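> Have a look at this fold, sequence not included:
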């Protein structure tokens, strides 16, 4: 997750608090000591309680795919060679959730299922990897249609699927991978831009996507919709 | 690369892994919204990165494996990647891209 760390014109720096809430990290800012949820970006305790950091569009993918799609990219320099994750055994073990009170919606799917979460206000959706294989997925969050799709750099992004108040009916051509709406406009769901057709030049509003284990997402959004590839 | 399994939860592991290594149940230090807050490590025990440095091009390639998972972000046309293997040990990078102050978290 990536957040803007500016709030009301002031810039904050964040530390790892060493505390967990709802099975996930609490960040704490050095300036005021306010506690912020890493999953939602909301201040849960302290001076800024109730404030919301802006969540920015960011993806998780492989270096190979990222650097191919963004050859000019900069990379956070490594201090020393890091050849793997300390946590590989955690990633690989379906039982390891490190959970306290892991009761949330555990029955819907295994807690270690990787989902792509998106939310608008209290409305949330969790989309499984399988649902995104060759398709675009449209969820309705409150009254806002949101399209999620995997883009060329391997990441999953989401956009508000609406132009001038009209919902876009988006479909991906299984052969070409091209995404078009019902009016014949073609959309690049990496950038949100319309690349040809009547809506040329328009750009859809981005919605941040959170790749997250189900056990963590469902703890924050117990009423989340679930779109699961295996049930399609 | 769909097989990449990267997801939030590393922080949980860092903390839980340590807490399971022989120490008693973690301390509940607060309750927020009816749910307990556990203190597992001192503040800053996992050090965030406050003065990030960057490489690009061939230098970046030298540091990375093809399959290495990254967190990627584009702001103002500038693309930046963070190795998740590296972020395991830091969890937060206080950074700036194209003039925007951001926190990359993992």
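Ah, there it is. Note that the structure is a prediction, hence the values are computed from the model and not measured.
> all strands of chain B, in order?
Under the criterion DSSP state E, chain B contains strands at B:27-32, B:35-39, B:54-56, B:69-75, B:78-83, B:92-97, B:100-105.
> Other residues contacting the longest one?
Pointing back at strand B:69-75 there. Here strand B:69-75 makes contact (C-beta atoms under 8 Å, 6 or more residues apart in numbering or on different chains) with A:2, A:56-63, A:66, A:70, A:73, A:75, A:85, A:153, A:155, B:4, B:6, B:64, B:79-85, B:87, B:97-98, B:100, B:102, B:104, B:106. From N, CA and C alone the C-beta is placed, and that goes for glycine too.
> mind listing what's buried in stretch A:48-64?
Buried residues in stretch A:48-64, counting neighbours by 16 or more other C-beta atoms under 10 Å in any protein chain shown, are found at A:48, A:53, A:55, A:56, A:57, A:58, A:59, A:60, A:61, A:62, A:63, A:64.
> And the residue nearest the centre of chain B?
Geometric centre of chain B, nearest residue: residue B:91, 2.4 Å, by C-alpha atoms, centre = their mean.
> In helices, which of the contacts of strand B:69-75 appear?
Among the contacts of strand B:69-75, the members falling in helices (DSSP state H) are A:63, A:66, B:84, B:85, B:87.
> Neighbours of the third one, how many?
One way to gauge burial is a neighbour count; for residue B:84, by other C-beta atoms under 10 Å in any protein chain shown, it gives 21.
> If residue 27 is in a bridge, with which residues?
Picking chain A for this. Residue A:27 has these beta-bridge partners by DSSP bridges: residue A:16, residue A:36.
> if you could check chain B rather than the one you did, that'd help
Here residue B:27 sits in beta bridges with residue B:39, going by DSSP bridges.
> Tell me, please, the helix or strand in chain A that averages the lowest pLDDT.
Across the helices and strands of chain A, mean pLDDT, DSSP states H and E gives its lowest value to helix A:88-92, namely a mean of 73.
> Direction included, what does the helix or strand just after that helix pair up with?
Once helix A:88-92 ends, the next helix or strand along the chain (criterion: DSSP states H and E) is strand A:114-120. Taking DSSP bridges as the criterion, strand A:114-120 forms sheet pairs with strand A:123-128 (antiparallel), strand A:210-213 (antiparallel).
> Those into CSV, with extra columns for mean pLDDT, mean neighbour count and distance to residue A:43?
As requested, those are exported to CSV (pLDDT from 0 to 100; neighbours: other C-beta atoms under 10 Å in any protein chain shown; distance: least, C-beta to C-beta, whole Å):
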stretch, mean pLDDT, mean neighbour count, distance to residue A:43
strand A:123-128, 96, 23, 19
strand A:210-213, 91, 24, 18
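> of those, which approaches residue A:183 most closely?
strand A:123-128 (24.9 Å; C-beta to C-beta).
> Whatever helix or strand comes next after the closest one vs chain B: in contact?
Sequence order places strand A:137-141 as the next helix or strand after strand A:123-128, per DSSP H and E. No. With C-beta under 8 Å from any C-beta of the partner chain as the criterion, chain B is not reached by strand A:137-141; the gap is at least 14.7 Å.
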